[in-house]
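>>> Sharing a sequence plus its predicted fold:
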Amino acid sequence: MPLTDTGRNGLLTSGAAAITHLALLDATLAEISGGSPAYARQAVSWTAASGGVRDNQATVPFDVPATTIAAAGFRDALSGGNDLGWAPLGAHTALVALAAAGTDTLTSYAHGLANDQRVFAFDLFAGGLPAGLAETALYWIVAATTDTFQLATSQGGAAVNVTGDGELVVQRCSPQTFAAQGLCEIQAGQLDLDLRMV
């Protein structure tokens, strides 16, 4: 059932209050740890909901060890607590795609993705991902054309065997790699809580 912007904004206003801290996640979506100064979750504040979207209000800095960061995790506590979801780094627009099992190809018209870019795949409206794909995998784009592409588990590798047709959401990710201890900053407005698809 679709919601109006007023309905989306109302849900975001009450729901975002539960997300008090951000965590940093690696390419397997595990929370990072370690470093000196040590990594720790950071508090987050949110802008007012508008048009079914709410963004992080200020830059959030993290001390990080040598690692690759792929996503920001939404948490309700400085430590422990609950995992409330996550978002890929990079503030890229989510795209709806159709998967075809016979060709392992995804179609999303004028998607703008290019070979060697990284993406996560999500189910659409809790319908489940097409068989062969996983929400916890960070894929590589291969065989990209204007309207189609395939997903691989390694750069330039063979396409993932998609064994079921279906709809999904694909969102580009811009991982940040740190060769040594460093500072990772999630800039103001880089994270969207987005209810425009409901």
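Perfect, I can see it now.

>>> Buried residues, stretch 113-120. List them.
Neighbour counts over stretch 113-120 (16 or more other C-beta atoms under 10 Å) mark 113, 117-120 as buried. Any C-beta I mention is one placed from the backbone N, CA and C, and that applies to glycine too.

>>> Please list the members of the residues you listed that lie in strands.
Among the buried residues of stretch 113-120, DSSP state E puts 118-120 in strands.

>>> which residue is nearest the centroid of the protein?
Closest residue to the average C-alpha location of the chain: Pro88 at 2.7 Å, with C-alpha atoms, centre = their mean.

>>> Okay, and the beta partners of that one?
Taking DSSP bridges as the rule, Pro88 bridges to Ala71.

>>> circling back to that earlier point, format the buried residues of stretch 113-120 as JSON lines; extra columns: pLDDT.
JSON lines is the format used below for the buried residues of stretch 113-120 (pLDDT from 0 to 100):
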{"residue": "Leu113", "pLDDT": "96"}
{"residue": "Gln117", "pLDDT": "96"}
{"residue": "Arg118", "pLDDT": "96"}
{"residue": "Val119", "pLDDT": "96"}
{"residue": "Phe120", "pLDDT": "93"}
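
>>> if I look at the residue nearest to Arg196 when sequence neighbours are not counted, how far off is Gly35?
Closest residue in space to Arg196, ignoring its immediate chain neighbours: Gly52 at 4.4 Å, by C-beta to C-beta, 6 or more residues apart in numbering. The gap separating Gly52 from Gly35 is 36 Å, by C-beta to C-beta, to the nearest Å.
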